[in-house]
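Visitor: Please work out how this folds:
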Amino acid sequence: MAVPPEDSGGGLTPLIFGRRPRATLIRILVLVAVVFVLVKWVILPVRVTGISMEPTFHDGAIKVVNRLAYRWHEPQRGDIVSIGEIGGGRDMFMKRIVALPGETYSMRNGQMYINGEHLEEPYVVNRAPWQIPPIMLGPDEFLVIGDNRGMHQRDHYFGRTERRYIVGKVLY
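Guide: The predicted structure follows:
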């Protein structure tokens, strides 16, 4: 005589939660807590608005900012960062760090110079003949510029920003 299979309680519970529903529920709660912490304090999704970072990032793209990236070290030249709006506005800017605190920067015919030395910028595809006289950054200032330099200098937001306004490093 055949023995009927054990009834595991029937319904969807075993199918959804498996053989150990308590352990599965704990895993779900831990996962929800980890995601909450990540979204609240570590990562920040941002939408690229405008063409100033083309061709690196295109208008409308969604990127993620790591807010903890500079907790243990300072931003470096070449990093793409998200900058909070001065005055606490909700808008943020996405720019590349070109010059570091204490450095002197200038631009001649669209070419960037740091402390008098030409800076190779392979990420810049289009260059307008921008002219910037030598300017020395303060001890807490960074020079940030978008990668699209083909537009007129006055139509492009760029410049010095203090360290405290750098929200984090943009992840690809």
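Visitor: all strands of this protein, in order?
Guide: Secondary structure of the chain (DSSP state E): strands at 43-47, 62-66, 80-84, 92-99, 104-108, 111-114, 117-118, 132-136, 141-145, 159-162, 166-171.
Visitor: Please name the strands paired to the fifth one in the sheet, noting orientation.
Guide: According to DSSP bridges, strand 104-108 has the following sheet partners: strand 111-114 (antiparallel), strand 132-136 (antiparallel).
Visitor: ditto for the last one
Guide: Sheet neighbours of strand 166-171, with direction, are listed as strand 62-66 (antiparallel), strand 80-84 (antiparallel) (DSSP bridges).
Visitor: and these, which is most packed in?
Guide: Scoring these by mean neighbour count under mean count of other Cβ atoms under 10 Å gives strand 80-84 as the most buried, with a mean of 21. From N, CA and C alone the C-beta is placed, and that goes for glycine too.
Visitor: which one of the strands of the chain lies closest to residue 36?
Guide: Ranking the strands of the chain by proximity to residue 36 (Cβ to Cβ) places strand 43-47 first, at 11.5 Å.
Visitor: can you tell me the average pLDDT over stretch 50-64?
Guide: Here stretch 50-64 scores 90 as its mean pLDDT.
Visitor: and if you look at stretch 67-84?
Guide: Stretch 67-84 shows a mean pLDDT of 93.
Visitor: give me the low-pLDDT residue ranges for the protein?
Guide: 1-17, 86-90 (pLDDT under 70).
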